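Pasting a predicted model and its sequence here:
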Amino acid sequence: MAVRLWETMERSQTGPYMEEDFFIKKTLMPGIKNVVKKYGVKYDPAQPVPADDDLADRVWQAAVELFLSVGTYNQDTHRVIRFTEPELKEALYAAPDQYIVGRNQDQRRFGYRHVEGKERPFVIMSPDITYDEGLFFSACLSYFHEPLLDGICSPLLDSFMGRPITSHFPLELGGSMRHAMTLRETARLAGRPDVFFVAVGTAESDTAQISVSNDQWGVRSGDGRLCGAITEFMTNNQMLNKAVHYNQRGNLCGILPGAIYGGYAGGAEGTAILQTAYHLQGLMVYGAAFTQSFPFHLQYGSNTGREMLWIVSVFSQAVARNSHLVNISNCFANAGPMTEMLFYEAAAHAVASVVSGNNLWTCAPCRNKKHNYGTPLEARMGAEAAHAAVAQGLTRGEANEICDRLLKKYETTIPADNYGVPFQEAYDVAKSTPRPEFLDLFYRAKEEIGKTGLKFLY
């Protein structure tokens with residue numbers, strides 16, 4: 001870990017004591033307001049992908065000051081974990097800038113990318129939603145059919161043997177094991193037995209995560225695992241247990257933070273700073289190898305609107321210009337499968353992310369809340385758009401124009417519930433392949449996206 005493992009755990013028990021409400025209202029929220037004002041961070045709706053290096057650098061400076069002054073609150077101990085500036089600088093210097101993940105034919109580079117960089121974007125595909133038990137195998141297999149998939153965080157289970165999964169209960173252990181075993185089985189059947197996993201999302205508790213650590217049938221050493229950042233800038237003993245287990249076992253520990261636009265962070269400016277600061281929290285508190293970022297709009301639960309693309313672009317540039325940390329940008333879309341809007345959202349988010357120096361995690365449809373509503377085809381659109389943007393050598397200015405044109409196709413309909421159809425209606429479940437009418441829609445949308453100036457590779 002970035003700072004000595006047990007030193008961090010000790011600070012979570014011996015740091016300054018305060019109540020949670022005081023931490024949020026008297027420390028975190030004023031801290032965000034202060035750095036927004038001090039560093040002159042200002043959102044410009046005309047620039048969803050800004051090309052302003054000074055802005056990115058000021059956001060980074062504000063994030064560093066915020067992290068060092070506020071710290072991370074442990075909800076269980078009511079203590080604040082803080083670090084010094086020299087400790088942070090040491091950790092940033094020592095952090096790896098890339099990882100070789102997967103094995104054999106599925107081996108890939110998951111690493112740092114420059115702003116407007118030529119590095120191949122690493123693409124993790126995941127719908128980030130739950131599926132029926134009877135659909136789970138087919139849904140998992142359908143993702144392994146995607147050629148641009150570099151890693152997978154698969155569909156989730158919400159039931160096991162017909163019984164709802166409840167966290168901190170034996171059914172969670174059973175469901176998590178079922179998830180891990182099925183994912184490993186489908187990878188082998190698809191001819192991709194050694195692909196990089198970030199698993200398993202069904203396991204919410206620390207006990208369930210530890211139960212699926214198995215090199216034969218479950219999550220292997222070398223695979224990715226996630227520790228959530230509790231809204232905002234908080235953790236608990238369960239998250240720390242996970243981080244310790246992942247690091248000791250040889251997994252790539254990732255922090256999973258989603259700063260909320262319209263929440264404690266305020267507007268776009270504070271949300272961008274907070275999302276940047278989460279990269280520092282992951283490095284220092286969890287020993288995170290990467291950050292999986294999903295800032296989202298409080299009202300819509302998505303990050304593809306105009307102000308959200310600005311946040312995605314700005315925090316990505318801030319991190320890429322001022323560190324060599326490995327990060328990945330997660331798309332939360334508003335629309336659902338079998339809608340043109342979902343394809344436009346996936347493409348816009350992908351272009352804004354990779355041109356700004358990030359990798360791509362794609363794609364959670366339907367505001368991440370509709371059971372069974374997610375398919376690999378929207379992930380394919382995001383992946384193809386990301387690779388096209390890099391191959392085309394898009395500048396941020398050019399990406400801004402493309403994203404602006406895409407936004408004009410869907411931003412006025414963001415408030416509407418445009419959820420489309422579930423997986424079993426969009427895909428042939430027996431074959432785990434998209435239905436012909438869904439493929440036709442994909443290619444029509446791709447043609448329309450091409451008219452914005454994005455040159456797809458095929």
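Great, that's in hand.

what about the protein, any weak spots by pLDDT?
1-3 (pLDDT under 70).

50 - rerun?
Low-confidence segments of the chain (pLDDT under 50): none present.

ok, longest helix in it?
Longest helix of the chain, by residue count under DSSP state H: helix 170-189.

so after that helix, what's the next helix or strand?
strand 196-197 (DSSP states H and E).

For that next one, which helices and strands make contact with it?
strand 151-152 (3 or more Cβ pairs under 8 Å, 6 or more residues apart in numbering; DSSP states H and E). Glycine gets a C-beta too; all of them are placed from N, C-alpha and C.

which residues are contacting the strand it packs on?
101-102, 108, 110, 122-126, 143-144, 183, 187, 195-199, 224 (Cβ atoms under 8 Å, 6 or more residues apart in numbering).

And those, which of them are buried?
The neighbour count (16 or more other Cβ atoms under 10 Å) marks 101-102, 108, 110, 122-126, 143-144, 183, 187, 195-199, 224 as buried among the contacts of strand 151-152.

for stretch 111-130, how far is the first residue from the last?
Using Cα to Cα, to the nearest Å, the end-to-end distance of stretch 111-130 comes to 29 Å.

Ok, stretch 411-420 next?
End-to-end distance of stretch 411-420 (Cα to Cα): 17 Å.

Now do the buried residues in that stretch.
Buried residues in stretch 411-420, counting neighbours by 16+ other Cβ under 10 Å, are found at 411, 414, 418-420.

Save the residues you listed as a markdown table, and put in secondary structure and distance to residue 138 too.
Output for the buried residues of stretch 411-420, formatted as a markdown table (DSSP: H, G, I helix; E, B strand; the rest coil; distance: Cβ to Cβ, whole Å):
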| residue | secondary structure | distance to residue 138 |
| --- | --- | --- |
| 411 | helix | 33 |
| 414 | coil | 30 |
| 418 | coil | 24 |
| 419 | coil | 20 |
| 420 | coil | 18 |
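
which one among these gets closest to residue 165?
residue 419 (23.2 Å; Cβ to Cβ).

What backbone torsions are found at the closest one?
Here is the backbone geometry of residue 419 (degrees, to the nearest 10): phi -90, psi -10.

Quickly note the distance from the closest residue to it other than its chain neighbours to residue 330.
Nearest residue to residue 419, sequence neighbours excluded (Cβ to Cβ, 6 or more residues apart in numbering): residue 336, at 3.8 Å. Distance of residue 336 to residue 330, computed by Cβ to Cβ, to the nearest Å: 17 Å.

These two: who's more crowded?
More crowded of residue 336 and residue 330, by other Cβ atoms under 10 Å: residue 330, with 26 against 23.

That one: what's it in contact with?
128, 292-294, 303, 361-362, 364.

In strands, which of those fall?
In this view, those that belong to strands under DSSP state E are 292-293, 361-362, 364.

and which of these is nearest residue 26?
For the ones in strands among the contacts of residue 330, the nearest to residue 26 is residue 293 (26.5 Å; Cβ to Cβ).

so where do the strands sit in the stretch 251-400 of the chain?
252-256, 260-261, 290-293, 296-297, 327-332, 359-364 (DSSP state E, counting those that start in this stretch).

Describe which strands the fourth one pairs with in its sheet and in which direction.
Using DSSP bridges, the strands paired with strand 296-297 in its sheet are strand 260-261 (parallel).

Who is residue 73 paired with across the strands?
Counting by DSSP bridges, the residues bridging with residue 73 are residue 80, residue 234.

I'd like to know how many residues surround it.
So residue 73, with other Cβ under 10 Å, has 27 neighbours.

Can you give me the distance of it to residue 83?
Distance, residue 73 to residue 83, by Cβ to Cβ: 14 Å.
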